[in-house]
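# Give me coordinates for this.
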Amino acid sequence: MDYEVLGELRTHELKPGGRDILLTDANKAEYIEISILPKSGNYRRNLNASTIASFTILLGAAIQYFKSIYSTFNHLMVNWRFSRGVEDQTNAFLTGFEDVFPLQWLQYFDERELEVLLCGMQQIDVDDWQSHTTYKKYDARSPQVLWFWKFVRSLTQQRRIRLLQFVTGTCRVPVGGFKNLMGNNGPQPFCIEYIGKDSWLPRSHTCFNRLDLPPYRSYEQLAEKLSYAIDETEGFGQE
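A predicted model of the protein is given here:
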């Protein structure tokens, strides 16, 4: 318990080690009792049994009252922190959210379904990705294209996500899979385009979901260059 003496703030321990005990819902009753009883102890020696009994009843009522006050304060504080204190910000968020997703639809989704709907899928299906890819100056049978998909299949899910982010700017697959991949101007499938020389590093155009893939001479060279692009740099060669 803290109190002031001639402008100096002092701490009186109501029990041994009390200064290090955090007041919680579990120990509030004990705190109220021991903070009141010591102050009343000096008077109890001069009181008769009847007065002491009346005092004990009154003290019990006071303790219950302080408990209810503490509980009410707790409730009001929680309500302020999580509701009323951020009411304006919450209403602003809900107004903007409803512009893209009607609030009445929320009842049809649990939290995981809503996350997928808003953020997309985190698992990358390479077969789906490959089947919804287009090519410029390459075709599906070009060695570099075959090596590219071999490289993608060799990656862990985490590194596939980094590759996806490198070439599209997003780390998640849209709901419905790669056929629903979007670009700046609407639906935009992933594209691999022939460009440059084999000494060049790959380059991405995230606005168009396009990867500029130089004509590397071996799988090892392609894997090395792509690994460098997705592992050693952040935003490397992106437009």
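# so the most centrally placed residue in the chain is in which element?
What sits nearest the mean C-alpha location of the chain, by CA atoms, centre = their mean, is residue 115, with 11.3 Å. Assessed by DSSP states H and E, residue 115 sits inside helix 111-119.
# Could you point out the helix or strand that follows that helix?
Assigned by DSSP H and E, the successor of helix 111-119 is helix 126-131.
# Mind giving me the packing neighbours of that next one?
helix 143-154 (3 or more CB pairs under 8 Å, 6 or more residues apart in numbering; DSSP states H and E). The C-beta positions use only the backbone N, C-alpha and C, and glycine is treated the same way.
# for the helix it packs on, packing partners?
Secondary-structure packing of helix 143-154 (3+ CB pairs under 8 Å, 6+ apart): helix 126-131, strand 190-194, strand 210-213, helix 219-227.
# With respect to residue 142, which of those lies nearest?
With CB to CB as the criterion, residue 142 lies closest to strand 190-194 of the helices and strands packed on helix 143-154, at 7.9 Å.
# For that closest one, buried residues please.
Neighbour counts over strand 190-194 (16 or more other CB atoms under 10 Å) mark 190-194 as buried.
# One more: stretch 147-159?
For stretch 147-159, a neighbour-count test (16+ other CB under 10 Å) marks 147-149, 151-152, 155, 159 as buried.
# Just send those back as TSV, with pLDDT too.
Below are these laid out as TSV (pLDDT from 0 to 100):
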residue	pLDDT
147	98
148	98
149	98
151	97
152	96
155	93
159	91
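# what stretches of this structure score poorly on pLDDT?
By pLDDT under 70, the low-scoring segments of the chain are 1-7, 9-10, 12-14, 28-29, 31-63, 65-67, 70, 116, 118-121, 233-239.
# Show me how it divides into domains.
Domain assignment for the chain, taken from automatic domain parsing, gives 2-85, 126-232.
# For those, could you give me TSV that also reports distance to residue 93?
Shown next, in TSV, are these (distance: least, CB to CB, whole Å):
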stretch	distance to residue 93
domain 2-85	14
domain 126-232	21
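# Which of the ones you listed sits closest to residue 100?
Closest to residue 100 of those is domain 126-232 (CB to CB; 13.9 Å).
# Now do the end-to-end distance for that closest one.
Domain 126-232 has an end-to-end distance of 23 Å (CA to CA, to the nearest Å).
# where's it relative to the chain centroid, distance-wise?
Relative to its chain's centre, domain 126-232 lies at 28 Å (CA atoms, centre = their mean, to the nearest Å).
# Residue 191 touches residue 135, doesn't it?
Yes: proximity of residue 191 to residue 135 meets the contact threshold set by CB atoms under 8 Å, at 6.9 Å.
# the strands in the protein, which residues?
Assigned by DSSP state E, the strands in the chain fall at 2-5, 8-11, 133-136, 182-183, 186-187, 190-194, 203-205, 210-213.
# who does the third one pair up with?
Note on strand 133-136: by DSSP bridges, its sheet partners are strand 190-194 (parallel).
# Give me the contacts around the strand it pairs with.
Contacting residues not belonging to strand 190-194 are listed as 129, 132-138, 142, 144-145, 148, 167-168, 178, 181, 208-215 [CB atoms under 8 Å, 6 or more residues apart in numbering].
# Could you do stretch 132-143 as well?
Under the criterion CB under 8 Å, 6+ apart, residues 144-145, 177-179, 181, 189-195, 213 lie in contact with stretch 132-143.
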